[in-house]
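Undergrad: what follows is a predicted protein model with its sequence.
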Amino acid sequence: MILKVFFLILILSFCCKTLLLGQIYVESPDSIQHAINSAQSGDTIIVRQGVYKEANIKVNKPLTMLGENFPIIDAQGKGYVLEILSDSVTVSGFKFINVEQSYTKDFSAVHVYGVKNFAIVNNVFENPYFAIHIEKSKWGVIAENIIIGNAEKEHNSGNGIHMWHCSRIEVTDNRIEKMRDGIYFEFVKHSSVKRNKSKNNIRYGLHFMFSNDDVYEGNLFENNGAGVAVMFSKKIIMRKNTFRLNWGSASYGLLLKEIYDADIIDNTFEKNTIGVNADGSNRVMFERNNFNGNGWAIKFLGACYGNKLLQNNFMNNAFDISYNGSLNGNVFDKNYWSDYTGYDLDKNGIGDVPYRPIKLFSYIVNRTPETIVLLRSLFVDIINFSEKVSPIFTPDNLKDFHPLMKPVK
């Protein structure tokens, strides 16, 4: 009997290096899946540095999985790397590579399905198809991960952080580059995206649809193919983000499509083809944003009403405001306009003459884009001045009646 117990202990120690206190150590070429199968709920699996060639590893019980010095888990193009199918799982300190690419399945390095109370923290994802894919899950943290892809075409690339039908998720301090979309939300509510850097993605830095009551704060969205798209959502807070260097004929810093009751506050829109492109968006508060060096600062397309633009800085944009129509249902008040040439006789910091931010030439370019080549010509200055004196094509009531003389700090 004693001999049997000895051999049992020896076998377990050889395969998984099982220690007391619920810790299981794994060394290459041992199997991570075998360690998971041998573990008890609540155990910690510590994977030591090395290369582990395993695919479709399934975590089906509450565990903490920690990597020492970023061990590499190589799926060898055979599906997922890691699938989390249990509540209360933490994954930290790994490098994931060689996820299978597919035109029919969204294979990912880490796939989370139908769970709660999970954490994916401080991992590296190198050339994944999808990096982190979360479905029907809640109460999770995705933080401090580095995701670097090699996406070249939309049809054969995936997203960095992809979420579908989720709630109460925190996406914080991640770096995402060269994916299709950096961050993708669909039917995600009561969640936050904070302090992430989403750059050089071939489509959107952030793309979310049908997602309500979410907060986006302190993120950098830079040099993405089409910028950031926010669509068919309500009660969104976007605060202290930077949208910059999103150039191209179909690019913008931020696209708003069918957005209601949102706050866009303290953001920077710098050197984008279009800073904000708003279509069918209502009751949006634009406050204390910086629009600097864009082609268009804000383009309002159809059905945009009840929006308020207060104390924003419009500086050195080719066009500050573009309107598609002759009616204005929005409020412009106490903004700074670098093109304002009025005066302030009572020295209260507010211009004594209202400012009309829409130029006739912007109206012409919207209908005939080729005319943009005339932007700096004397002819353009003349037609803009004539429309300013006697508006015919642009909304007569679209004015900032209290333009600021100095930028808002």
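TA: Yep, that arrived.

Undergrad: any weak-confidence spans in the chain?
TA: Within the chain, the ranges that satisfy pLDDT under 70 run 1-21, 325-326, 360-395.

Undergrad: need the contact list for the residue most central in space within it.
TA: Closest to where the C-alpha atoms of the chain average out (CA atoms, centre = their mean) is L206, at 2.8 Å. The neighbours of L206, taking CB atoms under 8 Å, 6 or more residues apart in numbering as the test, are 181-183, 185, 193, 198, 216, 219, 221, 228-230. Any C-beta I mention is one placed from the backbone N, CA and C, and that applies to glycine too.

Undergrad: quote the end-to-end distance of stretch 227-245.
TA: With CA to CA, to the nearest Å applied, stretch 227-245 spans 9 Å between its terminal residues.

Undergrad: ugh, typo on my part, it should be stretch 193-206
TA: Here the two ends of stretch 193-206 are set 10 Å apart, with distance taken as CA to CA.

Undergrad: helices along the stretch 101-250 of the chain, start to end?
TA: With DSSP state H, counting those that start in this stretch as the criterion, the stretch 101-250 of the chain has no helices.

Undergrad: so what's G42 up against?
TA: 22, 62-63.

Undergrad: ok, back up a step: where neighbours are concerned, which of the contacts of L206 has the most?
TA: Ranked by neighbour count (other CB atoms under 10 Å), the contacts of L206 have G182 at the top, with 32 neighbours.

Undergrad: residues in contact with stretch 258-268?
TA: Residues from elsewhere that reach stretch 258-268, judged by CB under 8 Å, 6+ apart: 230-244, 254, 256, 276, 278-290, 292.

Undergrad: return the set of residues that bridge with the residue nearest to the centre of the chain.
TA: Judged by DSSP bridges, the bridge partners of L206 are I183, V228.

Undergrad: near I120, how many other residues are there?
TA: A count of nearby residues for I120, using other CB under 10 Å, gives 28.

Undergrad: sec struct for N37, please.
TA: Judged by DSSP: H, G, I helix; E, B strand; the rest coil, the three-state class of N37 is helix.

Undergrad: that one and G114, how far apart?
TA: Look at N37 and G114: by CB to CB, to the nearest Å, they are 20 Å apart.

Undergrad: same question, N267
TA: For N267 relative to G114 (CB to CB), the value is 35 Å.

Undergrad: between the two, which one's more packed in?
TA: Applying other CB under 10 Å to N267 and G114 shows that N267 carries more neighbours, namely 28 against 13.

Undergrad: returning to what we had before: which one (most neighbours) among the contacts of G42?
TA: L63 (24 neighbours).

Undergrad: list the contacts for that residue?
TA: With contacts defined as CB under 8 Å, 6+ apart, the neighbours of L63 are 36, 39, 41-45, 86, 89-90.

Undergrad: want to throw these into CSV with secondary structure?
TA: Converted to CSV, those look like this (three-state DSSP):
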residue, secondary structure
I36, helix
A39, coil
S41, coil
G42, coil
D43, coil
T44, strand
I45, strand
S86, coil
V89, coil
T90, strand
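
Undergrad: restricted to buried residues, select the residues you listed in ChimeraX.
TA: Typed into ChimeraX, the line below selects the buried ones among the contacts of L63, using 16 or more other CB atoms under 10 Å:
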select :36,39,43,44,45,86,89,90
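
Undergrad: could you export the contacts of L63 as a markdown table, including distance to N316?
TA: Compiled in a markdown table, those are given as follows (distance: CB to CB, whole Å):
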| residue | distance to N316 |
| --- | --- |
| I36 | 57 |
| A39 | 60 |
| S41 | 60 |
| G42 | 58 |
| D43 | 59 |
| T44 | 55 |
| I45 | 55 |
| S86 | 54 |
| V89 | 50 |
| T90 | 47 |
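
Undergrad: among the contacts of L63, which pair sits farthest apart?
TA: Using CB to CB, the two most remote members of those are T44 and S86, lying 14.5 Å apart.

Undergrad: so L66 versus V121, what's the distance?
TA: In this view, L66 and V121 are 10 Å apart by CB to CB.

Undergrad: mind listing the shared neighbours of these two?
TA: Shared contacts of L66 and V121, defined by CB under 8 Å, 6+ apart, comprise 90, 92.

Undergrad: distance of F118 relative to S38?
TA: 21 Å.

Undergrad: more neighbours: which of these two?
TA: Neighbours per residue, other CB under 10 Å: of F118 and S38, the larger number sits with F118, 24 against 15.

Undergrad: ok, the closest residue to that one other than its chain neighbours - contacts?
TA: For F118, ignoring the flanking residues on the chain, the nearest one in space by CB to CB, 6 or more residues apart in numbering is G140 at 4.5 Å. Shown in contact with G140 (CB under 8 Å, 6+ apart): 112, 115-120, 134, 166, 168-170.

Undergrad: got it, and L220?
TA: Contact analysis of L220 by CB under 8 Å, 6+ apart lists 196-199, 241-242, 244.

Undergrad: out of these, which sit inside strands?
TA: 197-199, 242, 244 (DSSP state E).

Undergrad: can you point out the buried residues in stretch 224-233?
TA: Neighbour count says stretch 224-233 has 224-231, 233 buried, by 16+ other CB under 10 Å.

Undergrad: dump these to JSON lines, plus distance to D396.
TA: Shown next, in JSON lines, are these (distance: CB to CB, whole Å):
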{"residue": "N224", "distance to D396": "37"}
{"residue": "G225", "distance to D396": "38"}
{"residue": "A226", "distance to D396": "34"}
{"residue": "G227", "distance to D396": "32"}
{"residue": "V228", "distance to D396": "33"}
{"residue": "A229", "distance to D396": "32"}
{"residue": "V230", "distance to D396": "31"}
{"residue": "M231", "distance to D396": "31"}
{"residue": "S233", "distance to D396": "33"}
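
Undergrad: from the residues you listed, which two are the most distant?
TA: G225 and S233 (21.2 Å).

Undergrad: hmm, back to that, closest to Q76 out of the contacts of G42?
TA: For those, the nearest to Q76 is L63 (23.4 Å; CB to CB).

Undergrad: what's the closest one sitting at in phi/psi?
TA: phi -150, psi 160 (degrees, to the nearest 10).

Undergrad: this completes my enquiry, with thanks.
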